[in-house]
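Student: Sequence first, predicted model second:
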Amino acid sequence: MPLRSSLIPVSLAFLCVIAVCAALFSANVVSVPGGALRPDYVLTLSLPQSGDLEISAVDGGPDDGRPLVVIDPGHGGHDPGAVGGDVLEKEVVLSLAQALRDRLQQSGAVRVALTRDDDRFLVVEERAEIARRLGGDLFVSIHADSAVGAGEASGASIYTLSSDATNRAAARFAARENRADEINGVVIDGDNQTVETILVELSQRRAAEEASNFAGLIERGGRGTLVFREPARLSANLAVLKAPDMPSVLFEAGFVSNPDEAKRLTSAEGRDAFSLVMARAIEEYFRADPARNSGAESGTSGGPSIGSVLGGE
Ligand SMILES: [Zn+2]
């Protein structure tokens, strides 16, 4: 039958496409938006090296019941983040994170770890996952921003997670940050589970409340020392903040596109001001409620894994 014989190659081609898709997904390398693959279309991606979830060392001594703060300098490796002249966000935020780590280590009230301590790329989901595997009690992601019309926008912002962005600027910021995991429009999947399937709502609500308390401490303690945008506290759908069981805040330290701010952020004074305010807020956060140190009791390693749904666009 001519009809049947012509169907065989067609169905073979269809099976090949299914097999290619299955291989891509099971390798957990890329996820392709529905409908993006066609039978006559071969998708070849050279993916950047991510950190293989290499867990960084915890600085500041053994697990003796002190809470663990995980500091996450944004971007790294092939991903410079925001750029202002020769000032790169990935370098600015690494220096800020290291200054904060050093200060926290000196005071010794908390233990501290960095998600990256050098110029390496981490997929967004890996960042909170590293913190969770370490049993982190608080997650602080550090970023900087840039704006068109350089020189105008300035000031720091404190972000917490919400599906509804505070305003359009917050939504645009989240869209840009979440795009760190995209190459040519294809999302690199750091985890094969989705937020929807594993989300423990109660746990996340509590983590969000705690994050909001912590954001308040940063703002109150930072007034007079740091320059904030108004409003200083914003919420947006930021993928890096989606760990359901760990209070998570993203501190956007300022605009590298603003020459004055770039100069301040890269100066010793700027790092001092930032690390002083942030270290005080962290220590106050745990002092105000010692029960926040959940890691000492049970850790978080048995909890649900973070997901891979990215917001933005
Ligand atoms: Zn960033």
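Tutor: Arrived safely. Numbers count the residues shown, from 1 in each chain.
Student: Only C-alpha atoms from now on, for both contacts and neighbour counts.
Tutor: Noted.
Student: Tell me where the stretch 151-300 of the chain is predicted with low confidence.
Tutor: Applying pLDDT under 70 to the stretch 151-300 of the chain flags residues 151, 181-202, 294-300.
Student: What residue spans form the domains of the chain?
Tutor: Using automatic domain parsing, the domain parsing of the chain gives 1-44, 58-292.
Student: With mean neighbour count as new columns, can those be given to me in TSV?
Tutor: Below are the domains of the chain laid out as TSV (neighbours: other C-alpha atoms under 10 Å):
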stretch	mean neighbour count
domain 1-44	12
domain 58-292	20
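Student: Secondary structure element holding the nearest residue to Asp117 once chain neighbours are set aside?
Tutor: Excluding the flanking residues, the one nearest Asp117 by C-alpha to C-alpha, 6 or more residues apart in numbering is Leu94, at 7.1 Å. Using DSSP states H and E, the element containing Leu94 is helix 89-107.
Student: Give the rounded mean pLDDT of that helix.
Tutor: Computed over helix 89-107, the mean pLDDT rounds to 97.
Student: Dump it to PDB, keeping only the CA atoms.
Tutor: Provided in PDB are the C-alpha atoms of helix 89-107 (Å, rounded to 0.1, in the frame of the first residue of the first chain):
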ATOM      1  CA  GLU A  89      28.700  43.700  38.000                       C
ATOM      2  CA  LYS A  90      30.200  40.200  38.500                       C
ATOM      3  CA  GLU A  91      33.400  41.700  39.800                       C
ATOM      4  CA  VAL A  92      31.800  44.400  42.000                       C
ATOM      5  CA  VAL A  93      29.400  41.900  43.700                       C
ATOM      6  CA  LEU A  94      32.200  39.400  44.300                       C
ATOM      7  CA  SER A  95      34.300  42.000  46.100                       C
ATOM      8  CA  LEU A  96      31.200  43.100  48.100                       C
ATOM      9  CA  ALA A  97      30.400  39.500  49.100                       C
ATOM     10  CA  GLN A  98      34.000  38.900  50.200                       C
ATOM     11  CA  ALA A  99      34.000  42.000  52.300                       C
ATOM     12  CA  LEU A 100      30.800  40.900  54.000                       C
ATOM     13  CA  ARG A 101      32.200  37.400  54.500                       C
ATOM     14  CA  ASP A 102      35.300  38.800  56.100                       C
ATOM     15  CA  ARG A 103      33.400  41.100  58.400                       C
ATOM     16  CA  LEU A 104      31.000  38.300  59.500                       C
ATOM     17  CA  GLN A 105      34.000  36.000  60.100                       C
ATOM     18  CA  GLN A 106      35.700  38.600  62.300                       C
ATOM     19  CA  SER A 107      32.700  39.100  64.500                       C
END
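Student: what does it rub up against?
Tutor: Contact with helix 89-107 is made by 59-60, 71-76, 79-83, 110-114, 117-119, 142-145, 256, 265-266, 271-272, 274-276, 278-279, as judged by C-alpha atoms under 8 Å, 6 or more residues apart in numbering.
Student: and after it, which helix or strand comes next?
Tutor: strand 111-114.
Student: hey, where'd the helices end up in the stretch 101-250 of the chain?
Tutor: 124-134, 168-178, 195-198, 201-222 (DSSP state H, counting those that start in this stretch).
Student: Redo those as JSON lines? Include distance to Ala239.
Tutor: Below are those laid out as JSON lines (distance: least, C-alpha to C-alpha, whole Å):
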{"stretch": "helix 124-134", "distance to Ala239": "7"}
{"stretch": "helix 168-178", "distance to Ala239": "6"}
{"stretch": "helix 195-198", "distance to Ala239": "10"}
{"stretch": "helix 201-222", "distance to Ala239": "14"}
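Student: For Ala153, find the nearest of those helices.
Tutor: Set against Ala153 and scored by C-alpha to C-alpha, these come closest in helix 168-178, at 11.1 Å.
Student: Between helix 124-134 and the closest one, find me the angle.
Tutor: On the basis of axes from the mean of the first three to the mean of the last three C-alpha atoms, to 10 degrees, helix 168-178 is oriented at 80 degrees to helix 124-134.
Student: Tell me the helices and strands packed up against helix 168-178.
Tutor: Packing partners of helix 168-178 (3 or more C-alpha pairs under 8 Å, 6 or more residues apart in numbering; DSSP states H and E): strand 228-236.
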